[in-house]
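Participant: What shape does this take:
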Amino acid sequence: YATGGSEDRDYVSNLKKSFRDLRWYEWIMIVVMVAIAGYTMVMAFIDPSTSQNPPWLTVINFISAIAGILCIFFTAKASISCCIFGIINTVVYVIFLAYWQIYGTMCLEIFVYMPFNIIQWFVWAKHRDQELTQLTMTKKLSYKADVIVAVTVALSGLVYYYVLDSVGGNVALLDAYTVAIGIIAVCMSAFRYREQYILWLVTDIVAVAMYIVFFDPVYLTKKSIYLIMAFVGIYNWWTLNRVRTPGNM
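Facilitator: Sure, this is the predicted structure:
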C-alpha cells in the first residue's frame, strides 16, 4: 500500500470505486433520505412549529442522515470508505443525542463508535482485498464464539439497563440493549467478522422502535434504511467471505 501523495490518490480512487459500486436501490434510498431530511430542515427554518427540533438541530440531523447512510451502505459492501463517513456521523449524532439527553446511546457513540471507527480504518486498510482494493477481507466466527457473543450481549444488556435506570434516561431498556449490542457489533465490525450483521439487525430493530416512540421523521427514516441494509449486509458479507476469502469458511 503506497504512502504520501500516492496514498491520498489511492484513497480517492477507492472512494470513487465505492460510490460506483452503489446499487440502484441504494441511490433511491439516498434520494429519499436527502428529500426527507432536507424538507424537515427547510420547514424548521420557515416555521419552527413544524419540528420538535430547533432549526439548528435539523441541520445537524441532515448531515448525520447523509453521512450515516453512506457509512452503512459502504460497510455493507465491506468498503473501507465507510470509516470516514462513520466518523462524521458519530460527531454530529452525538450533538443530537446530547440535546435530547439519550445518554446511553450517546456514550456508545463517544466511547465506542468513535475510537473503533478509527481502529477499523487502520485494520480494514491493512487487510485489503488484493483485487478489489476498495474492500477489506471478511472473516467468520466459530460456533463456540457465536454462543459466547450471544450470552455476553444478553448479560451486558441487563447490567447496563440497571446502570442506566439508576441515573434516569429515555426508554432505558431499549437504550441499554442498543448499547450492549452496539458495543459487540462495532468490535466485530472493526475486526472484520461477518456475524456483526446479525447484531446490527437486532440493534436496528431496537433503534427503529425507539424512534417510533420518540417520533423523528429524519432518524426514523435513517434507522429504517439501516434495518434494510442489515439484511443486505448479511448477504454481502456471507458472499464475500465465501468467494473472496474462501480460507475463512
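Participant: Would you check how far apart residue 34 and residue 180 are?
Facilitator: 32 Å (Cβ to Cβ, to the nearest Å). Yep, even glycine has a C-beta here, placed from its N, CA and C like the rest.
Participant: more neighbours, these two?
Facilitator: The neighbour comparison of residue 34 against residue 180 (other Cβ atoms under 10 Å) goes to residue 180, with 25 against 14.
Participant: Would you check that the more buried one makes contact with residue 151?
Facilitator: No - the pair residue 180 / residue 151 is not scored as a contact, 11.6 Å apart, by Cβ atoms under 8 Å.
Participant: okay, and the common contacts of the two?
Facilitator: Among the neighbours of residue 180, none is also in contact with residue 151 (Cβ atoms under 8 Å, 6 or more residues apart in numbering).
Participant: Nearest to the middle of this structure, which residue? Look it up for me.
Facilitator: residue 72 (5.2 Å; Cα atoms, centre = their mean).
Participant: check contacts around that one.
Facilitator: 82, 225-226, 229, 233.
Participant: any chance of the residues you listed in TSV, with distance to residue 198 too?
Facilitator: Formatted as TSV, the contacts of residue 72 follow (distance: Cβ to Cβ, whole Å):
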residue	distance to residue 198
82	18
225	18
226	14
229	14
233	10
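Participant: Tell me the one of those residues nearest residue 156?
Facilitator: Set against residue 156, the nearest of the contacts of residue 72 by Cβ to Cβ is residue 226 (21.2 Å).
Participant: buried sites along the host helix or strand of that closest one?
Facilitator: Using DSSP states H and E, the element containing residue 226 is helix 217-243. Neighbour-count burial for helix 217-243 flags 218-227, 229-230, 232-234, 236-238, 240-241 (criterion: 16 or more other Cβ atoms under 10 Å).
Participant: before we move on, back to that, can you give me the distance of the residue nearest to the centre of the chain to residue 30?
Facilitator: For residue 72, the distance to residue 30 equals 11 Å [Cβ to Cβ].
Participant: Please apply the same query to residue 207.
Facilitator: If you measure residue 207 against residue 30 using Cβ to Cβ, the figure is 19 Å.
Participant: the more surrounded of the two?
Facilitator: Shown here are residue 207 and residue 30; by other Cβ under 10 Å, residue 207 has more neighbours (24 against 17).
Participant: Check whether residue 83 really touches residue 116, as I assumed.
Facilitator: No - Residue 83 lies out of contact with residue 116 (Cβ under 8 Å); the separation is 9.8 Å.
Participant: Next, the angle from the helix or strand containing residue 29 to helix 217-243.
Facilitator: Assigned by DSSP H and E, residue 29 belongs to helix 24-46. With axes from the mean of the first three to the mean of the last three Cα atoms, to 10 degrees applied, the angle from helix 24-46 to helix 217-243 works out at 160 degrees.
Participant: Can you give me the buried ones in helix 24-46?
Facilitator: For helix 24-46, the neighbour count (16+ other Cβ under 10 Å) marks 26, 29-30, 33, 36-37, 40-41, 44 as buried.
Participant: How far away from the center of its chain is it?
Facilitator: From the chain centre to the centre of helix 24-46 is a distance of 18 Å (Cα atoms, centre = their mean, to the nearest Å).
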